[in-house]
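> Fold the following and give me the result.
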Amino acid sequence: MRIDLLGTSFTIQSDEDPAYVRNLVGYYRDKLTEVRESVSTNDELKIAILGALTVVDELFKERHRNRGASGAEGSSETDLQVITQRLIDTIDSALEDDEAAD
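Numbers count the residues shown, from 1 in each chain. You can find the predicted model right below:
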């Protein structure tokens, strides 16, 4: 299956249903569009990282909501949330510094 994202094209192989993979790629592409519209950088790598972090953030929040209903919370997952938030904060700071330099 051919994927086109952020001006890069490549082919992947997957055991998943092609329609499912197209749906995943479409969802990620939408997130990249949201990120691109909300930041002032044209750096495709930064946009890709911020888009991925946005999706991971959604995943973690959904997991937290689901665990809150069941009362379970994993410490390794909490550690991942802390690391993810630190990465988001670091990238946000770097983008702000980048904007200030322009």
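
> Would you mind confirming that residue 6 is in contact with residue 50?
No. Using C-beta atoms under 8 Å, residue 6 makes no contact with residue 50, being 11.5 Å away. No exception for glycine: its C-beta is placed from N, CA and C like everyone else's.

> ok, these two, which is more surrounded?
residue 50 (24 against 13; other C-beta atoms under 10 Å).

> quick one, phi psi at that one?
Phi and psi for residue 50, reported as degrees, to the nearest 10, are phi -60, psi -40.

> which ones are touching it?
Counting by C-beta atoms under 8 Å, 6 or more residues apart in numbering, residue 50 makes contact with 35, 39, 91.

> In ChimeraX, select just the buried ones from those.
Selection of buried members from those for ChimeraX, criterion 16 or more other C-beta atoms under 10 Å:
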select :35,39
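
> Go through the contacts of residue 50 and name the one nearest residue 85.
Closest to residue 85 out of the contacts of residue 50 is residue 91 (10.9 Å), distances taken as C-beta to C-beta.

> What separation is there between that closest one and residue 47?
10 Å (C-beta to C-beta, to the nearest Å).

> Need the overlap of contacts for the two.
Counting by C-beta under 8 Å, 6+ apart, residue 91 and residue 47 have no contacts in common.
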